[in-house]
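1. Give me coordinates for this.
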Amino acid sequence: MKKHPSQEPSLIPEEIKTEHIIQDEWIDFRRTAYRFPDGRVFEPYYSFTRRDFVVIVASDTDGRLLCVRQFRQGIRAVTTEFPAGGIDQRDLTDPNLSAEEAALLAARRELLEETGYESDDWTHLITVPSQATLCDNYAYVFAAKNCRKSAAQHLDDMELLNVLSFSPRELDDLIAGGCFQQALHILAWLLFQKEGKD
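-> The predicted structure is shown next:
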């Protein structure tokens with residue numbers, strides 16, 4: 001039986017020094033020194049902590065995919081992507097909820113706030129590290145089918161986005177043309193398609 005990577009001590013370095021370069025309510029950005037099992041010390045390794053978040057592959061009663069357009073400062077461009085958002089304290093107030101159940105609460109809220117749509121047909125597709133090389137947060141990916149419009153958008157102060165819908169073929173064309181640029185959202189779409197065939 002294969003060992004999970006976390007069970008291979010020969011590959012795990014010792015953290016010997018960490019400096020918190022920026023630490024606020026949004027991010028904990030760190031510089032760390034590690035001692036490898038053979039005694040060598042290497043630095044700096046940069047990493048950061050942010051909140052876990054949700055990604056929602058939402059389709060309406062006609063099977064069209066609900067997407068949002070918004071500016072992403074990392075690539076200095078407006079992107080097309082699925083509704084998504086952070087899991088915050090509003091979602092973690094009930095200690096009886098599992099992490100996945102708290103994530104589903106966040107997903108329901110984010111879908112409604114960003115698009116004005118709701119669904120009663122939810123499926124958890126995957127929970128995956130958002131970027132294991134640099135950060136320690138996780139993305140909870142959900143499918144929401146048969147979405148119906150029930151309200152106007154209710155955006156946070158820092159949000160400015162437009163809602164669009166696409167057929168599956170149109171979404172595939174966006175991805176192939178480099179116009180749907182969030183890697184985890186592309187993964188979400190592939191899993192959504194696979195789930196529909198099972």
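
2. Tell me what the most centrally placed residue in the chain is bridged to.
-> With distances taken as CA atoms, centre = their mean, residue 139 lies nearest the centre of the chain, 3.6 Å away. For residue 139, the beta-bridge partners under DSSP bridges are residue 53, residue 128.

3. what packs against the host helix or strand of residue 30?
-> Here residue 30 sits within strand 28-35, counting by DSSP states H and E. Applying 3 or more CB pairs under 8 Å, 6 or more residues apart in numbering; DSSP states H and E, one finds that strand 28-35 contacts strand 14-23, strand 41-49. Where C-beta positions appear, they are placed from N, C-alpha and C, glycine not excepted.

4. which of the ones you listed is buried the deepest?
-> Using mean count of other CB atoms under 10 Å, the stretch among the helices and strands packed on strand 28-35 with the greatest mean number of neighbours is strand 41-49 (a mean of 14).

5. the inter-axis angle of that strand versus strand 14-23?
-> Our comparison of strand 41-49 with strand 14-23, counting by axes from the mean of the first three to the mean of the last three CA atoms, to 10 degrees, yields an angle of 40 degrees.

6. Which parts of this structure belong to which domain?
-> Here the domain assignment for the chain is 8-49, 53-197, based on automatic domain parsing.

7. Make CSV out of those and add mean pLDDT.
-> Compiled in CSV, the domains of the chain are given as follows (pLDDT from 0 to 100):
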stretch, mean pLDDT
domain 8-49, 93
domain 53-197, 93
